[in-house]
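**Student:** structure, please.
(2 chains)
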Amino acid sequence: MSKQFKFEIISPEKIIYSSEPNEVVIPSYEGYMTILYDHSALITFLRPGVIEVKGSETKKYFIEEGTVEFSNNKMLILTNTAINIKELNKGKIDKMIELNEKMLKEEDINDKKKFILSHKVEVLRMINQ
Amino acid sequence: MPSLDDLKKRIKSVKSTQKITKAMKMVAAAKLKKAQESAENGRPYSERMQNIILNLTKSINDKSNAPKLLFGNGKDKVYLGVVMTADRGLCGGFNSNICKLAKKKFKEYLSNGKTLKIITVGSKGYDQLKRDFKKNIIEKKSFKDRKRISFFEAEEIGKLILNLFNNEQFDKCFLFFNNFKNVITQIPQEKQIIPANSQNEEEQPNNLSSYEFEPEEDEILEDLLPKNISTQIYTAFLENSASEQGSRMTAMDNATRNAGDLVDKLTINYNRSRQAAITKELIEIISGAESL
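**Tutor:** The predicted structure follows:
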């Protein structure tokens, strides 16, 4: 088993989760990415998706956006929204999908936003199954 | 000399004032605990965010092409002051301390020949600043009707500021708020938020571990810097609300104690005059009886 490193999810309100996992999978800007011990220093964005933290316990968080920093075997995720997947039920997800689809239909959004929104809907659908 | 009735009324009124201040103190104490917690919980986020930005800044070599939010737009003429105060009074020197600092700084800018623009957040700040700087105030915001200040409100102000910046309405932006140190001490502070990179340029030449960036540095900065503005404002909000409650608690505690002292003094006064009246009556009766 690989070594453990420090990991934290922080929102403006509080530290949402912190632990020492062996492996973290993040939905980074250009696709899913697995971070292991001794990964090179990295700063990247997240797109909507699921963070999977694998250590003594496995946890999954749904996030909409965020910034990741990894250096010296410390990993940091700054995000406004991180929801433990266990707390999401079908009703909640349906509501979120509906909300996002409504936003998609508005005309004054740019392509980048559109891309992110449609991606979000996709991810939510996937969780829902 | 006030009559006995007057004294009685006075004592009663001071006592009811004391009750009010005591209640306010307790409410403030309860709110303080919450506010303090969220202020402390909010600190890591903004600290780490600053750290990331600092690291990013270091890796940028071509400063002329860098985002304007970071190094400024090269001009140094128009200053924007964002003064954050409470919406309610009765909290000691809380509001006046911020305004005092803000006024001092504003006068400095003006005497240096800068153009000054002001945004006030919280109605008390507007009330205090409008006398001297009415024509400088371009916007006043108040979240009186919101129960809790969340990140959403901070973003609203952040967007307002960013819009102004993008339209080249100002060159530098300063935030005025109270930093919560502990219940008794709150330090009014001025913090430059645009351009972001000013003070700690020289600091900590630490592990310049070369980061991998995904996407490119400037793209990350482009996204991160506006977010950082909102974060800074949010932190200021949190610090401010903790300071407000702390300040109110101390002020109300003092007021309660003062009211208590006043009641004691008045009671002694009341008893003395009562005794004096009785003695006077007795003297009258006795001297009346003697003359018979």
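**Student:** just the helices in the stretch 151-292 of chain B please.
**Tutor:** B:151-166, B:217-291 (DSSP state H, counting those that start in this stretch).
**Student:** how much does the first one deviate in direction from helix B:217-291?
**Tutor:** In this case it means helix B:151-166. Going by axes from the mean of the first three to the mean of the last three C-alpha atoms, to 10 degrees, helix B:151-166 is angled at 120 degrees with respect to helix B:217-291.
**Student:** pLDDT score for the residue nearest to the spatial centre of chain A?
**Tutor:** Closest residue to the average C-alpha location of chain A: residue A:63 at 3.7 Å, with C-alpha atoms, centre = their mean. Residue A:63 carries a pLDDT value of 88.
**Student:** how about residue B:110, nearest residue that isn't a chain neighbour?
**Tutor:** Spatially, and ignoring its direct neighbours in sequence, residue B:110 is nearest to residue B:116 (5.8 Å; C-beta to C-beta, 6 or more residues apart in numbering or on different chains). All C-beta spots, glycine's among them, are computed from the backbone N, C-alpha and C.
**Student:** tell me which parts of the stretch 101-250 of chain B are close to chain A?
**Tutor:** Proximity of the stretch 101-250 of chain B to chain A, by C-beta under 8 Å from any C-beta of the partner chain, involves residues B:151, B:154, B:207, B:209-215, B:220, B:223-224, B:227, B:231, B:234-235.
**Student:** show me which of these are buried.
**Tutor:** Buried members of those, counted by 16 or more other C-beta atoms under 10 Å in any protein chain shown: B:151, B:154, B:211, B:213-214, B:220, B:224, B:227, B:231, B:234-235.
**Student:** which one among those residues gets closest to residue A:116?
**Tutor:** residue B:227 (14.7 Å; C-beta to C-beta).
**Student:** tell me who's in contact with that closest one.
**Tutor:** A:67, B:49 (C-beta atoms under 8 Å, 6 or more residues apart in numbering or on different chains).
**Student:** how many other residues sit next to residue B:28?
**Tutor:** 24 (other C-beta atoms under 10 Å in any protein chain shown).
**Student:** now for it: which residues touch it?
**Tutor:** B:91, B:245-246, B:248-249, B:252.
**Student:** mind redoing it with 7 Å?
**Tutor:** B:245, B:248-249, B:252 (C-beta atoms under 7 Å, 6 or more residues apart in numbering or on different chains).
**Student:** quick check: the gap between it and chain A.
**Tutor:** 22 Å (C-beta to the nearest C-beta, to the nearest Å).
**Student:** returning to that earlier point: partner strands of the host helix or strand of the residue nearest to residue B:110 and their direction?
**Tutor:** Per DSSP states H and E: residue B:116 is located in strand B:115-121. Paired strands of strand B:115-121, with direction, are strand B:78-84 (parallel), strand B:137-141 (parallel) (DSSP bridges).
**Student:** residues in chain A within reach of chain B, list them.
**Tutor:** A:10-15, A:28-30, A:40-45, A:67, A:69, A:71-72, A:76, A:78, A:80 (C-beta under 7 Å from any C-beta of the partner chain).
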